[in-house]
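Peer 1: I'll drop the sequence and a predicted model, then ask my questions.
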Amino acid sequence: MSTEAAASTKPTPEDDGMTWWYRWLCKIAGVLGGISCAISGVWNCVTVNPLNIAAGVWMVLNAFVLFLCEVPFCCQFIEFANAIAARADKFKPWQKAFFYCGMALFPVFLSFSLTTLFGNAIAFATGVLYGLASLGKKGDAVTYARLQHQKQADEEKMTETANGAPE
């Protein structure tokens with residue numbers, strides 16, 4: 001019975017505050033970012049400049065990691081794909097945001113060109129989407145109005161006591 005209780009208290013990926021459509025938006029952005037990185041990375045490798053080749057190889061690696069983390073069924077030929085995807089799903093959105101944005105920025109710093117910039121833009125946007133998810137849901141207007149009203153009432157009380165009550 002204690003193992004069932006321990007299993008039920010473990011945080012699930014659905015507890016991160018993301019709605020189903022936003023989760024799918026992030027996954028679709030990850031797939032598009034992977035495709036963009038793969039195509040641009042291969043194109044970037046067709047050169048004689050070693051920094052461009054290194055940036056292209058990194059971009060292809062980014063594409064592989066994006067596919068592995070976001071859509072592991074595309075990597076069925078890799079034995080450990082499901083294990084890595086399960087581990088990646090346990091990350092908090094801000095961790096994914098930091099990881100994806102960092103992965104996308106490295107080739108741009110390595111070799112700044114239009115190919116690396118536009119090739120990594122969607123992968124970077126995926127990180128931004130996860131970063132926005134980590135901020136949480138927007139509050140409703142009723143709660144905000146109550147807080148403002150309470151704050152205003154507190155300020156009025158403070159000004160009355162600061163001005164001094166009639167003695």
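Peer 2: Looks like it arrived, so ask away. Numbers count the residues shown, from 1 in each chain.

Peer 1: Let's test this: name the helix or strand in this protein with the lowest mean pLDDT.
Peer 2: Counting by mean pLDDT, DSSP states H and E, the chain has its least confident helix or strand at helix 2-9, which shows a mean of 45.

Peer 1: Show the subsequent helix or strand relative to that helix.
Peer 2: Towards the C-terminus, the helix or strand next in line after helix 2-9, according to DSSP states H and E, is helix 20-44.

Peer 1: Contacts for that next one next, please.
Peer 2: Counting contacts by C-beta atoms under 8 Å, 6 or more residues apart in numbering, the residues outside helix 20-44 that touch it are 18, 52-53, 55-64, 66-67, 69-71, 100, 104, 107, 111, 113, 115-116, 118-126, 129-130, 133. (Glycine included, C-beta is placed from N, CA and C.)

Peer 1: Could you identify the buried members of the residues you listed?
Peer 2: Among those, those classed as buried by neighbour count (16 or more other C-beta atoms under 10 Å) are 18, 52-53, 55-64, 66-67, 69-71, 100, 104, 107, 111, 113, 115-116, 119-126, 129-130, 133.

Peer 1: Identify those among those residues that sit within helices.
Peer 2: When helices are assigned by DSSP state H, the members of these inside them are 52-53, 55-64, 66-67, 69-70, 100, 104, 107, 115-116, 119, 121-126, 129-130, 133.

Peer 1: Show the contacting residues for the closest residue to G131 other than its chain neighbours.
Peer 2: The shortest distance from G131 to any non-neighbouring residue, by C-beta to C-beta, 6 or more residues apart in numbering, is to A97 (3.5 Å). Neighbouring residues of A97 by C-beta under 8 Å, 6+ apart: G127, V128, L129, Y130, G131, A133, S134.

Peer 1: T115 too?
Peer 2: If a contact means C-beta under 8 Å, 6+ apart, then T115 has S40, W43, N44 as its contacts.
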